[in-house]
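K.L.:
Could you work out the structure for the sequence below:
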Amino acid sequence: LRHSDHMARLLIVHHTPSPHCQEMFEAVVAGATDSEIVGVDVVRRPALTVSPAEMLDADGYLLGTPANLGYMSGALKHAFDTCYYPILDSTKGRPYGLFMHGNVGTEGAERSVHSIAGGLGWVQSGADVIVSGKPTKADLDACWELGATIAAGLMD
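P.N.:
The predicted structure follows:
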């Protein structure tokens, strides 16, 4: 992590095209920005606009995507394609978490995200939150918990 004169930075890279994805995203953000978590700057970036510099500046990551036909969204794949090589040797060991909405066959989508994150040397630091259909209160609580867990892990 950074020296004590800098705030840790949590980057939430998301593609939230549906109301269900948006609900999950908002719960993750609420957890990550909880008042008990101090010294962590939470930055939200749509997957289609995130830059390698923003990825390099982050100390941890939350990734949000729908599962489309057994794969992560094209938008999140675009973020990885754009940033993978520029950040490859510089972000090893950083924590990440995944939240995903999909109706069927999310296993391939989960595997695809973990495969790329693993290739970057990132460390999964919270349980995946995978939701089908309308998120329940328990689903949203799990999203909140994921956001809080990853953010709290970045506190000094």
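K.L.:
residues near the residue nearest to Ala109 when sequence neighbours are not counted, how many?
P.N.:
Spatially, and ignoring its direct neighbours in sequence, Ala109 is nearest to Ala67 (3.6 Å; CB to CB, 6 or more residues apart in numbering). Where you see a C-beta, it was placed from the backbone N, CA and C, and this is true even at glycine. Counted with other CB atoms under 10 Å, residues neighbouring Ala67 total 24.
K.L.:
Is Glu23 in contact with Lys137, as I believe?
P.N.:
No - look at Glu23 against Lys137 with CB atoms under 8 Å: they stay out of range, at 10.9 Å.
K.L.:
between those two, who's got more neighbours?
P.N.:
More crowded of Glu23 and Lys137, by other CB under 10 Å: Glu23, with 18 against 8.
K.L.:
Now tell me what touches the helix or strand encompassing that one from outside.
P.N.:
With secondary structure defined by DSSP states H and E, Glu23 is part of helix 19-32. Defining contact as CB atoms under 8 Å, 6 or more residues apart in numbering, one finds that helix 19-32 is touched by 10, 12, 14-16, 40, 42, 44, 62, 64-66, 99, 101, 129, 131, 133-135, 139-141, 143-151.
K.L.:
Bridged to the spatially most central residue of the chain, which residues?
P.N.:
Taking CA atoms, centre = their mean, the centroid of the chain lies closest to Leu62, which sits 1.6 Å from it. Applying DSSP bridges to Leu62 yields these beta-bridge partners: Ile12, Gly97.
K.L.:
okay, the angle between whichever strand or helix holds the residue nearest to Ala109 and helix 19-32?
P.N.:
Here Ala67 is covered by strand 60-68, with elements defined by DSSP H and E. Interaxial angle of strand 60-68 relative to helix 19-32 (axes from the mean of the first three to the mean of the last three CA atoms, to 10 degrees): 170 degrees.
K.L.:
Give me the below-cutoff pLDDT ranges for the chain.
P.N.:
1-5 (pLDDT under 70).
K.L.:
that older thread, how about the residue nearest to Ala109, what does it touch?
P.N.:
Ala67 neighbours (CB under 8 Å, 6+ apart): Met100, His101, Gly102, Asn103, Gly105, Thr106, Gly108, Ala109, Glu110, Ile130.
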